[in-house]
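> quick one, structure for this:
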Amino acid sequence: MLNNYLILFIKGLAMGAVNKIPGVSGGTVAFVTGIYEDLINSIKKINFYSFKILFTKGFKAFYIEVNGKFLTILFSGVIASFFSVSLVLDKLIRDYEIYVFGMFFGMILGSFYVIYYQLEKINVKTFVGIIIGLTIGLLISFADNLEVANSSLIIFFSGMIAISGMILPGLSGSYLLLLMGNYTLIMVDSVNALYYTLTEIISLNFEFINDPERLYLLKVLVLFTVGSISGLVFFSNILSSLLKNHKSITISIIVGFIAGSLLGVWPWKNEDIYGNVSLFIPDFTTTETWTTLFFLFIGILFVVLLERLAHKH
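Sure thing, here's the model as predicted:
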């Protein structure tokens, strides 16, 4: 039992880490590790009925109703990774970006091995679903940056949009924030502001109260968090219903999303001084290319072995 909880925590670590990377979806990790439907159905139970149980029967009954142990362990991993594993990942991306994205690319390729067994059958309906998902994924991948104002309403909706990366495999919430032009504000500046604020509070230093920029960044983080929670509950209810009533078409669209997201993590790319990214075919005569291909293979192998382990258990 303890091993199962540890594995679930590690899956949460993986989800939290990749959620911070534009082009990679935490929902994909949930999907390929076999906890996607449990996640959606557990979050779906956080509704009016469950809160009625909270106020009438107490916290313990509420905790059981919403599958609290599962959510607590999983999101403990997500939160822990956001402030720890993701810091290591940030350094690796700065120093070894091509190798990291090579492994991510391999992990997404490996996920198709898992998805093959999720689709009950390939027919016209599921094929159309794959094309729809692929089309939307490619449109997002090729979209130009969408500069938006950083108003309170926009930040709130950014939270709802970003959480889609945890709920919908193949759709990266961080990548959508990047397209909207507020990735740095939300995923870097506001998170750093929280870290510095907590550090100062622990040392009984409250000078940040007089810092307008710090207070603004903390406000951004609060609005983003509230939007994320709202989106988590809202989207999970929709997807849970779709998986229950239209499972094959829903999964086929997810397959398309994942395929479309591959461009977002293509390892071989250049970025100009204006932030425009262009992809290129690698030079197979260089050591760097073959090293990247090695990590790509490791990514495929990791996902396939993880799926087999989960299936065995």
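> all helices of the stretch 201-313 of the chain, in order?
212-245, 247-261, 287-312 (DSSP state H, counting those that start in this stretch).
> next one: stretch 39-54 to chain centre, how far?
Remark: stretch 39-54 is offset 22 Å from the chain centroid, using Cα atoms, centre = their mean, to the nearest Å.
> deepest-packed of the helices of the stretch 201-313 of the chain, please.
Greatest average neighbour count among the helices of the stretch 201-313 of the chain goes to helix 247-261 (a mean of 22), per mean count of other Cβ atoms under 10 Å. Where C-beta positions appear, they are placed from N, C-alpha and C, glycine not excepted.
> quick check: which of the helices of the stretch 201-313 of the chain is nearest to G102?
helix 287-312 (3.9 Å; Cβ to Cβ).
> could you list the low-pLDDT ranges of the stretch 1-150 of the chain?
Across the stretch 1-150 of the chain, the ranges flagged by pLDDT under 70 are 1-2, 21-24, 83, 85-87, 89-90, 113-120, 140-150.
> show me the helices in it, by range?
2-19, 26-32, 36-44, 48-57, 59-65, 68-83, 85-118, 124-142.
> what lies in contact with the fifth one?
In other words, helix 59-65. For helix 59-65, contacts defined as Cβ atoms under 8 Å, 6 or more residues apart in numbering pick out K45, S50, F51, I53, L54, G68, K69.
> ok, 6 Å please
Helix 59-65 has contacts (Cβ atoms under 6 Å, 6 or more residues apart in numbering) with K45, S50, I53, L54.
> burial measure for the third one, as a count.
The burial count assigned to I53 is 18, neighbours taken as other Cβ atoms under 10 Å.
> and L204, by the same measure?
When neighbours are counted by other Cβ under 10 Å, L204 registers 6.
> what does it show for phi and psi?
phi 60, psi 40 (degrees, to the nearest 10).
> from Y5, how far off is it?
Relative to Y5, L204 is positioned 36 Å away (Cβ to Cβ, to the nearest Å).
> next one: K125
K125 is 38 Å from Y5, where distance means Cβ to Cβ.
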